[in-house]
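Trainee: I would like to see how this sequence folds:
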Amino acid sequence: MRSRTRENDGELISEQFTQFMLFNDQQEVKEGLYSQHIEWVMLFDESLRGLNAGAPVEFRGLRIGSVEKVPFSKPSISDGFRATKLPVLIRIDVHRVFAKEQSIANGDFKALLIEEFKRGLRGTLKTGSLLTGALYIDIDYDKNAQAYEAQGFAGYDIFPSVPGEFAQVQKQVMEIIEKFNSLPLNDTFVAMNDSLQALQKTLNSAENALSSVDKLIAQEQMQSLPAELQASLTKMQQTLDGFTPNSTAYKNLNDALVEFEKMLGEFQPLLQQLNKKPNSLLFGKEQRADPMPVKGNK
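Mentor: Residues are numbered from 1 along each chain as shown. This is a model prediction of the structure:
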C-alpha cells in the first residue's frame, strides 16, 4: 500500500509490502480457518452416486471434515471392473474436532484416531437429502465392527468403513432371495398339487354322499318318520306325566311303599330273634331247665 502527499500526489513517501489472501466467497473464508487437517482414504464397495467433493464428513451430526475427491483414483486396466472397492479421499479438520484454543500435532491426532478405530469408530455412507440423493459420510461407533488392521492406499492411511444402511438392506434382501431360491420349491409345488387332487377327490366323495342323503330324505318312508317320532315322544311324555307327585299312579305307589315299610317294621322283632337264636322257630323262644329232685323232710 502506497501513500502520497497532498502537495505532490506523484511523490511516494512510504511502501508496505503486506500480502492479503483473497477468497471467492464467505464459505471459503470459513474453510480457510481450518488449515490443520489430516487426509485419509475410505474404501466403499457400494454406489458412490450422490457423493461429491465438498460433501460433509460428520460425527453424530457435527461436521468434522469434508470429502476432497470422488473417486480418489480409478481402477487399473488389469483390475478392470473386478475392483470391488472404490477409494474416496477425505480430510478431518483438527479444530472442527477440538476447540481452537487447544493445540495438537498431526501425529498425535492420527494416533488418537487410530485408538478410536480399535474401539469401533467407522465411517459409512448416508443419505443427506431424499430429494436430491446427495450423500455424506457419517462417522460413529459400530458395535459389530471387525478388529481394526492398519492399512494403506496410495500413500494414505485407510479410514475403516462399513456398508451403509441401504447397502445393508440390499444385502439382507439378497440373502433372503438366495434362501428362497435354495428352497425345494418344485418338490413343494408337486406335493401341493397332489394334496389338492386328493382334496378334490374327498370333496367329490362328500358331494356324492350328500346327494345320496338328499335322495334318502326325499323318500316317502323318510318323510313319515318325523311324525312317527313325534308321536312316540308324545306317548313317552304322557307316561312320564303319570308318575308326577299329583298323579294317581304316584299316590298308589307311595301308599304301597308305606304299607311295605310297616310290614317290615312288624317283622323286625322276629328277624332280631332269628338273628340271636336261629332255632327259635322250632323250639320256641325260651327253653326251661331240666327238673331237679327235691330233698324230702324227715
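Trainee: how about the helices in the stretch 1-150 of the chain?
Mentor: Secondary structure of the stretch 1-150 of the chain (DSSP state H, counting those that start in this stretch): helices at 26-32, 94-97, 106-118.
Trainee: Packing partners of the shortest one?
Mentor: It refers to helix 94-97. The helices and strands touching helix 94-97, judged by 3 or more CB pairs under 8 Å, 6 or more residues apart in numbering; DSSP states H and E, are strand 62-69, helix 106-118. In short, each C-beta sits where N, CA and C put it, glycine included.
Trainee: out of these, nearest to residue 256?
Mentor: Residue 256 sits nearest to helix 106-118 of all these, at 106.2 Å, using CB to CB.
Trainee: Which residues does the closest one contact?
Mentor: 36, 38, 92, 94, 97, 104, 121, 147-148, 150, 157, 159-160 (CB atoms under 8 Å, 6 or more residues apart in numbering).
Trainee: Among those, which pair sits farthest apart?
Mentor: Farthest pair in those (CB to CB) is 36 and 147. Separation: 29.9 Å.
Trainee: which of these two has more neighbours?
Mentor: residue 36 (16 against 7; other CB atoms under 10 Å).
Trainee: What's the separation between the more buried one and residue 155?
Mentor: Distance, residue 36 to residue 155, using CB to CB, to the nearest Å: 20 Å.
Trainee: Same question for residue 66.
Mentor: 20 Å.
Trainee: Among these two, which residue is more densely surrounded?
Mentor: Neighbour count, other CB under 10 Å: between residue 66 and residue 155, residue 66 has more, with 21 against 7.
Trainee: Spatially nearest residue to residue 91 (excluding sequence neighbours)?
Mentor: Nearest in space to residue 91, with sequence neighbours left out and distances taken as CB to CB, 6 or more residues apart in numbering, is residue 37 at 4.5 Å.
Trainee: Any buried residues in the helix or strand hosting residue 272, and which?
Mentor: Using DSSP states H and E, the element containing residue 272 is helix 248-276. Judged by neighbour count (16 or more other CB atoms under 10 Å), helix 248-276 contains no buried residues.
Trainee: Off-centre distance for that helix?
Mentor: 78 Å (CA atoms, centre = their mean, to the nearest Å).
Trainee: list the helices and strands that helix packs on?
Mentor: Secondary-structure packing of helix 248-276 (3+ CB pairs under 8 Å, 6+ apart): helix 280-283.
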